[in-house]
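A.B. asks: Based on what follows, work out the 3D shape:
(one chain, ligands or ions: 2)
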Amino acid sequence: IVSKLPNVGTTIFTVMSALASERGAVNLGQGFPDFNCDPALVQAVTGAMQDGLNQYPPMAGVQVLREAIAQKVKALYGYAYDPVSEITVTAGATQGVLTSVLCAVHAGDEVIVLEPAYDCYVPAIELAGGIPVFVQMTVDANGFSVPWDKVAAAVTPRTRMIMVNTPHNPTGTVLKAADIQALADIVRGTDILILSDEVYEHMVFDQQPHESLSRHPELAQRSFINSSFGKTYHVTGWKVGYVAAPAALIAEFRKVHQFNVFTVNTPVQYGLAAYMKNPAPYLDLPAFYQRKRDLFRDGLKNTRFKLLPSEGTYFQCVEYGAISDLPEAEFSKWLTTEIGVAAIPVSAFYNTPKESGIVRFCFAKKDETLQLALDRLARL
Ligand code: PMP
Ligand code: GLN
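C.D. replies: Numbering: from 1, shown residues only. Ligands and ions are numbered 1, 2, ... in the order given. You can find the predicted model right below:
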C-alpha cells in the first residue's frame, strides 16, 4: 500500500531503550520512572475491579473522574470546566493529541509546530491532511526559548492551530507569563485554535507557576488542553489522560473519540477518581523531582557536559561539544554502548535535520540508578 506516513519509522525512544537493554546500559533515554507507583493507587484500581466495575464506562469517561479533574483544574488554575461537556478521558495524551488534531484540522490547514517537538505531533497533523509549519525554538546559553516574532510571522490565513507544550519535552523549558501574553496577542481576533500539551503540568521547579492555558480564560476558550496521569502518578504504562476544552470543541473531539477508542478502561478511571481525592501526590511532585534533578545536575558538574536549564519535566539536556563532535544520534549510541548510559538525541525532535550537540537524559529514576549513571559518566 502507499504509506500515509512515509517518513515515520520506529520511534527513537523504542530504538534507544532496545539498545540500552541489549548493552546493559543504564537507561536514561526513554522517559519513564524505574520505580513503582503508590501502592494506594494500585489498591484503588484493583478495588474497583473487585467491586465489579468492569464494563464499558460512559463514552467521555466516568463522571466521578471528570468531576475530580474539573475540581483539580479549578483549584490550581481557576478555570471552571463543566465535567459533563468540557472534559473527556483519553487513552493517554498521545490519543488526546491525535483526536484533538483529527477533529479540528482539515485537509490543507496549517498547524504551527515549535521545534524541537514531541514526536507524536507531526504524524497527527499529517493523518488529518494538515500541513505542519515549523518554527524552531532559539537556543543560547540560557537554554531554549520561543521566538514569538517568528511564530507571528508564520501565521497565514490557513493557520488552524498552534501547538504548545509546557513544561517542554525535550528541553525542560517552561512558558512564562510573557510567553502567554505573546501567544494571546498572536491569536486574538483570529479563529486559530491551540493545542496545549501539559502532560508535565505537575513537574515545574524552583517555585515557578505552571502557566496552564486554563489560567488564561482568553486562551482557554480556544484550547485543547492535554494532560496524562501516566506522568503525574508514575504509571506511564496505564495510558490514561484527559482533554479539557470548551464545550463546542469537546463536542467535536468526542465525535472522533467515539469511533477511535470509544472509551477508556473502567477500573483505572474509578481508581484514579478515588486517588485524586488526596491532592498531596501531585502537589508534592515538584519537590520530589526537583530533588532528583539537583542530585543529577550536581553529579554532572564533575563532567565536561554543559548543563542547560531544566525548569520542568523530568528531563535534563546537556551540550557535549567539549567531549565529542559526533552528530547527536551517533553520540547517543556511543554513550550507550561505550559508556553504558543511554540518552536521547535532541535532533530526533526536529523534522528539518538539525544538530545542536545536545542530548536529553531522563532523571525519573531511583537515586541509585542516577548514581550508577553518574559513576559511569564521571569518565567524561
Ligand atoms: N506529550 C509529551 C510531551 C510527552 O512527553 C508524552 C509522553 N511521552 C506524551 C505527550 C504522551 O503521553 P501518554 O503516555 O499519556 O500518551
Ligand atoms: N514521552 C516519552 C519520552 O519522551 C516516551 C514515550 C514513548 O516511548 N512514546 O521519552
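A.B. asks: which SSE is Arg66 in?
C.D. replies: helix 63-77 (DSSP states H and E).
A.B. asks: So what touches whichever helix or strand comes after that helix?
C.D. replies: Per DSSP H and E, the first helix or strand lying C-terminal to helix 63-77 is strand 87-90. Applying C-beta atoms under 8 Å, 6 or more residues apart in numbering, the set of residues contacting strand 87-90 from outside is 60-62, 65-66, 69-70, 81, 96, 99, 226, 240-244, 250, 253-254, 257, 261, 263-264, 269. Every C-beta, even on glycine, is put in place using the N, C-alpha and C of the backbone.
A.B. asks: Check the burial of Leu300 by counting its neighbours.
C.D. replies: Other residues lying near Leu300 total 20 when counted by other C-beta atoms under 10 Å.
A.B. asks: try the one 3 residues further on
C.D. replies: When neighbours are counted by other C-beta under 10 Å, Thr303 registers 17.
A.B. asks: what sits against the residue lying closest to it once chain neighbours are set aside?
C.D. replies: Leaving aside its chain neighbours, Thr303 sits nearest to Leu380 (4.7 Å; criterion: C-beta to C-beta, 6 or more residues apart in numbering). Counting by C-beta under 8 Å, 6+ apart, Leu380 makes contact with 303-305, 320, 323, 339.
A.B. asks: The same query, at a cut-off of 10 Å, please.
C.D. replies: Leu380 is in contact with 300, 302-305, 318, 320, 322-324, 335, 339, 341, counting by C-beta atoms under 10 Å, 6 or more residues apart in numbering.
A.B. asks: If any of those residues are buried, give me the PyMOL selection for them.
C.D. replies: Of those, the buried ones go into a single PyMOL selection, burial set by 16 or more other C-beta atoms under 10 Å:
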select buried, resi 300+303+305+318+320+323+335+339+341
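A.B. asks: Mind putting the contacts of Leu380 into TSV with pLDDT and distance to ligand 1?
C.D. replies: TSV is the format used below for the contacts of Leu380 (pLDDT from 0 to 100; distance: C-beta to the nearest ligand atom, whole Å):
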residue	pLDDT	distance to ligand 1
Leu300	98	22
Asn302	89	29
Thr303	97	25
Arg304	97	28
Phe305	98	22
Val318	98	18
Tyr320	98	22
Ala322	97	28
Ile323	97	26
Ser324	98	26
Leu335	97	21
Ile339	97	24
Val341	97	20
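A.B. asks: circling back: roughly how far is the helix holding Arg66 from the heart of the chain?
C.D. replies: 20 Å (C-alpha atoms, centre = their mean, to the nearest Å).
A.B. asks: what do you get for stretch 124-134?
C.D. replies: With C-alpha atoms, centre = their mean, you get 19 Å for stretch 124-134.
A.B. asks: how long is it from one end to the other?
C.D. replies: 14 Å (C-alpha to C-alpha, to the nearest Å).
A.B. asks: Now that stretch: buried residues?
C.D. replies: For stretch 124-134, the neighbour count (16+ other C-beta under 10 Å) marks 124-126, 128, 130-134 as buried.
A.B. asks: again, but for stretch 358-368
C.D. replies: Buried residues in stretch 358-368 (16+ other C-beta under 10 Å): 358-365.
A.B. asks: still on that earlier bit, per-residue confidence, the residue nearest to Thr303, what does it come out as?
C.D. replies: Note on Leu380: pLDDT of 93.
A.B. asks: What spatial separation is found between it and Gly340?
C.D. replies: 12 Å (C-beta to C-beta, to the nearest Å).
A.B. asks: residues from the protein in reach of ligand 2?
C.D. replies: 11, 13, 30-31, 169 (C-beta under 6 Å from any ligand atom).
A.B. asks: sorry, back to before: among the buried residues of stretch 358-368, which two are most distant?
C.D. replies: Ile358 and Lys365 (19.9 Å; C-beta to C-beta).
A.B. asks: where does this protein have low pLDDT?
C.D. replies: Within the chain, no stretch falls below the threshold (pLDDT under 70).
A.B. asks: domains for it, by residue range?
C.D. replies: Domain ranges of the chain: 12-30+284-377, 40-278, per automatic domain parsing.
A.B. asks: In a markdown table, list those along with distance to Val2.
C.D. replies: Below are the domains of the chain laid out as a markdown table (distance: least, C-beta to C-beta, whole Å):
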| stretch | distance to Val2 |
| --- | --- |
| domain 12-30+284-377 | 21 |
| domain 40-278 | 13 |
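A.B. asks: The one residue in the stretch 101-250 of the chain that gets nearest to ligand 1: how many residues sit nearby?
C.D. replies: As assessed by C-beta to the nearest ligand atom, ligand 1 sits closest to Ser228 within the stretch 101-250 of the chain, at 3.2 Å. Neighbour count for Ser228, taken as other C-beta under 10 Å: 24.
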